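Peer 1: return a 3D structure for these sequence lines:
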Amino acid sequence: MKRIGCILLTFFFTIGLCAQKNSWYQTVKFKPSSRLVYRIKNTLNIERRNTPVIIKRNDFPMPDVHEMWITLVDPSLPSYIGPSKEVLKVYGGHQLLAETNGHAIFHQLDDLDKDGIWDELFFQTDLNANEEKTIYIYIGENSQGWNKHFTHANIGSYCRHQMPFWESENVGWKIWFANSVDVFAKRKPILMAQHLYMENLDGYGVGIINRDWGSDIQSVAGSMGGGAICLFEHPEIPDSISLPRLTPAKERIAPKSSWNAGQISDTRYAYEVIVNGPVRSIIKIKTMNWHSGAGSYDLEQYYSVYAQQSYSTCKVVYKNFQPKKAGVKMGCGIRKKPGEEILFQKGGIVISSGPEQIRDPENIDERADWMMPFIGKAIIVKDLYQPEYQFTNHAEGQHTFKVIPDSENSYEYMIFAAWSEGAVYNNQQDFETYVKSTSIEYNNPVETGFLKLEERNK
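Peer 2: Numbering: from 1, shown residues only. Below is the predicted model:
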């Protein structure tokens, strides 16, 4: 009898869990009657934290729905118990109210081609090794739930110069020299790029105003900085690279300048904010009229930054690719660390880390160097693009990859940065572990699949 009782107890307990798992999410003001059921699967034998998930509109069974009619819910997360009276006074009626049966998670519907119709539903989630979970997308008008921003992207006039900025709370990137990336890192998780471009602050000195804002940790000059594209136009000189900022027009018109020559006679650039948060931000960079002497090129880059991560992905698309001879290869890379370097290179990964001197913000006039125990940079090229490592001596050394683009002359890579004063990955070992594990995730994205449309029983 005891055995039968235990079996019955286990049966009813299991039924209760299933009922709870399949129960319908609601708040005081939101009681939806329709939901889409999606399967999210981690195919890896490692846990994934804040991993990106993308549902494309082509895989969405209800494409013609307003963004305020979509509420994304993870039924495995604890529900919000509701705001206090003090919180309601500040945030008003759009504050998230008490929930039952799961928790609404930050997401965004991103219109990437700017035609007024969203292209991707983006969010991030945690998954255990080999975990498969259910996600619900509830359909119905819902105006509750502010979206805290964990990422930021914008274009500012910085010392009279139009520049893009994009950042997570851990680290940020900006473009001073055309399309070679600068890096700034924070001491505490915070968004602060708006202060850089709105107040025109020196990136090496912002810590004087607010120590949490951190400092620039990357010099670029004539290098590829924290990340840049390149071309290998001369197969007979394997380590020779071409950069949009180094052209015959520049050498003829402005040989001593760090910039290109005129915007008509030489390479020119245009920047656009595609998405500005809350959990993913995207900057578009157009490089046009690039005449290297060995070919003519136009391309677009899409830099994306993600909540609670210390990397930025970059998608490259060549719109015009006209080399004058065969054998030209596309590529990307980062600057070799000046001074002491701990180098890891395997497959499509390069990690360059170690102690480094940066400008001391407290010696503004003399600009004495300030020794940091650890600064780390890295670049990863997806295996899909058959990366081939190539070191080049250009501008004191660059770590680069030659790549094979897809049929649309496109390829993807990601760049990383960290420093010893940051809140995360603040030493060589943790940073290297983070880069290597992210590389595995990058090459094996989370699987998603639509299962069914459900209607609430009335």
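Peer 1: just checking, P238 touches F391?
Peer 2: No: P238 lies out of contact with F391 (Cβ atoms under 8 Å); the separation is 9.8 Å. Where you see a C-beta, it was placed from the backbone N, CA and C, and this is true even at glycine.
Peer 1: got any residues that touch both of those two?
Peer 2: Common contact partners of P238 and F391 (Cβ atoms under 8 Å, 6 or more residues apart in numbering): none.
Peer 1: now do the strands in the stretch 301-450 of the chain.
Peer 2: In the stretch 301-450 of the chain, the strands defined using DSSP state E, counting those that start in this stretch lie at 311-323, 329-335, 342-346, 349-359, 369-381, 388-392, 398-403, 410-419, 447-455.
Peer 1: ok now the last one, how far from the chain's centre?
Peer 2: The chain centroid and the centroid of strand 447-455 are separated by 27 Å, computed with Cα atoms, centre = their mean, to the nearest Å.
Peer 1: sheet-wise, list the partners of that strand with their directions.
Peer 2: strand 34-41 (antiparallel) (DSSP bridges).
Peer 1: got the contact list for the strand it pairs with?
Peer 2: 24-25, 53, 55, 60-62, 125, 127, 131-140, 446-456.
Peer 1: one more time with 6 Å
Peer 2: Strand 34-41 has contacts (Cβ atoms under 6 Å, 6 or more residues apart in numbering) with 132-133, 135-139, 447-455.
Peer 1: check which element follows it along the chain.
Peer 2: As assigned by DSSP states H and E, the chain's next helix or strand after strand 34-41 is strand 48-56.
Peer 1: just to revisit the earlier point, now distance to I208, mean pLDDT and mean neighbour count too, for the strands of the stretch 301-450 of the chain, in TSV please.
Peer 2: Shown next, in TSV, are the strands of the stretch 301-450 of the chain (distance: least, Cβ to Cβ, whole Å; pLDDT from 0 to 100; neighbours: other Cβ atoms under 10 Å):
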stretch	distance to I208	mean pLDDT	mean neighbour count
strand 311-323	26	98	18
strand 329-335	26	98	25
strand 342-346	30	98	13
strand 349-359	12	92	21
strand 369-381	12	93	22
strand 388-392	37	98	17
strand 398-403	32	98	24
strand 410-419	17	98	25
strand 447-455	46	96	12
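Peer 1: for those strands, which one sits closest to I190?
Peer 2: strand 410-419 (14.5 Å; Cβ to Cβ).
Peer 1: just checking, what packs against the closest one?
Peer 2: strand 311-323, strand 369-381 (3 or more Cβ pairs under 6 Å, 6 or more residues apart in numbering; DSSP states H and E).
Peer 1: angle of the first one against strand 410-419?
Peer 2: By that I understand strand 311-323. Strand 311-323 and strand 410-419 are oriented at 140 degrees to each other (axes from the mean of the first three to the mean of the last three Cα atoms, to 10 degrees).
Peer 1: for the last one, same thing?
Peer 2: Here strand 369-381 runs at 150 degrees with respect to strand 410-419, directions being taken by the same axes, to 10 degrees.
Peer 1: in the stretch 151-300 of the chain, which spans are helices?
Peer 2: If DSSP state H, counting those that start in this stretch is used as the criterion, the helices of the stretch 151-300 of the chain fall at 193-198, 206-209, 248-253.
Peer 1: so which bits of the second one are buried?
Peer 2: By neighbour count, with 16 or more other Cβ atoms under 10 Å as the criterion, the buried positions of helix 206-209 are V206, G207.
Peer 1: mind saving the C-alpha coords of it as PDB?
Peer 2: C-alpha atoms of helix 206-209 as PDB (Å, rounded to 0.1, in the frame of the first residue of the first chain):
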ATOM      1  CA  VAL A 206      36.900  60.400 -17.900                       C
ATOM      2  CA  GLY A 207      37.800  58.500 -14.700                       C
ATOM      3  CA  ILE A 208      38.700  61.800 -13.100                       C
ATOM      4  CA  ILE A 209      35.000  62.900 -13.400                       C
END
